[in-house]
Each structure stands twice: as structure tokens, then as C-alpha cells.
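Asks: Below: sequence and its predicted model.
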Amino acid sequence: MTADAGGTASISCSYPKLFETNTKYLYKMNGPDYSQLISTTKTQSGRFSISEDRSSAVVNVRISDVREDDGGVYYCGVKVEGDSGLYHSLYTETQLQVTGSLVIAAVCVGVAVLLIGGSVLIFCKLRHSRTQGHVLTTIQPGTNSTVSKKSVSSALRRLMSG
């Protein structure tokens, strides 16, 4: 199953009627070992919650605010006391793949590029508007002539159009 980073993942496990009265657990594989994350004796633990429907023999686990490191192999199971002692019986395996972390990073980069581009555009626009109101004065040998704002604008348009 897949879940988006930041979203919610739901794992459902059907169990054998033989385990109806046993406490149910969710385990996650960590290399060769597994760790217990939550059980039906404590229905909320951090981002994990668990519920059981005994009439349909199903355990539902919900993981909120899914993170990239939540990806991996999960097992539903029970602890059973037998003649040879306490053992774990794992009855459903679920592979969780977390997606969307690259999409989130790409969106962040896109927003940053837009902000930088917008800032540059505003800077250029302000710089251009400051120079629009000035009158250009040129000094030629022996004369002093003033060029109008209209002449400067038309000269700039010709330069920009190539």
C-alpha cells in the first residue's frame, strides 16, 4: 500500500477467530528484528491509533502525519501463551510505501524560484520607474541641450525592440 507524506495511512488486518480474545499488536520490521508500535490495550500512541471489530475479526490501524521513515514492512499479530511459553503469532503482512516527499520538495523549490523571480522583476520595475521621471541632459561643446522625457522613451523602445 502507499501513503502520501503528511497524510494518513490505514492498515487493516483480518485475524483468525482463534485469536478473538487475544490482545492485537502492530509490529514494524527493523532489519532482522521487529518492534511493537501499538496494541489494542492502549488504542492511541503518538501518531498511531488502533481499533478492533470483533464481529468481523478485523483490526484497523491508522498512522497520521505519515513520514518517510514510516515506510517499510508491518505485521499484525498477537502474543500467545502456549505450553512452550510466550510467542508471537504474526498473521498479516503489509508493505507501506511513502510517496510525495519529492513532490513537496519540488513545490518548495518552485515557490522559491517564483519568489526570487518576482523580487527581481519588482526591483527592475522600480528602477525603471525611477529613471522615467528624470530629464536627460547632455553637454555638447559650447552648448547645453535638454532631451525630453518623450524622446528618451521612444529611444529606449527602439533599443529594446532590437
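Replies: Happy to help now that I have it.
Asks: helix, strand or coil for Tyr34?
Replies: Look at Tyr34: counting by DSSP: H, G, I helix; E, B strand; the rest coil, its state is strand.
Asks: avg pLDDT for the helix or strand containing Tyr74?
Replies: Per DSSP states H and E: Tyr74 is located in strand 72-82. The pLDDT scores in strand 72-82 average 90.
Asks: buried sites along it?
Replies: Neighbour counts using 16 or more other Cβ atoms under 10 Å place 74-78 of strand 72-82 among the buried residues. C-beta here means a position set from N, CA and C on the backbone, and glycine is covered the same way.
Asks: Mind putting the residues you listed into CSV with distance to Asp33?
Replies: Below are the buried residues of strand 72-82 laid out as CSV (distance: Cβ to Cβ, whole Å):
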residue, distance to Asp33
Tyr74, 14
Tyr75, 12
Cys76, 17
Gly77, 14
Val78, 18
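Asks: ok, those residues vs Ile50, which is closest?
Replies: Nearest to Ile50, judged by Cβ to Cβ, of those is Cys76 at 9.4 Å.
Asks: Ser45 versus the closest one, what's the distance?
Replies: 15 Å (Cβ to Cβ, to the nearest Å).
Asks: which residue ranges form the helices in this structure?
Replies: Secondary structure of the chain (DSSP state H): helices located at 101-132, 149-161.
Asks: hmm, back to that, give me the contact list for the strand holding Tyr74.
Replies: In this structure, residues lying in contact with strand 72-82 by Cβ atoms under 8 Å, 6 or more residues apart in numbering are 11, 13, 15, 19, 22-30, 34, 37, 59, 61, 86-96.
Asks: Cross those residues against strands and list the overlap.
Replies: Under the assignment DSSP state E, these contribute 11, 13, 24-30, 34, 37, 59, 61, 86-96 to strands.
Asks: residue ranges with poor pLDDT in this protein?
Replies: Scanning the chain for pLDDT under 70 picks out the ranges 101-162.
Asks: picking that back up, tell me the strands beside the strand holding Tyr74, with direction?
Replies: strand 24-30 (antiparallel), strand 85-99 (antiparallel) (DSSP bridges).
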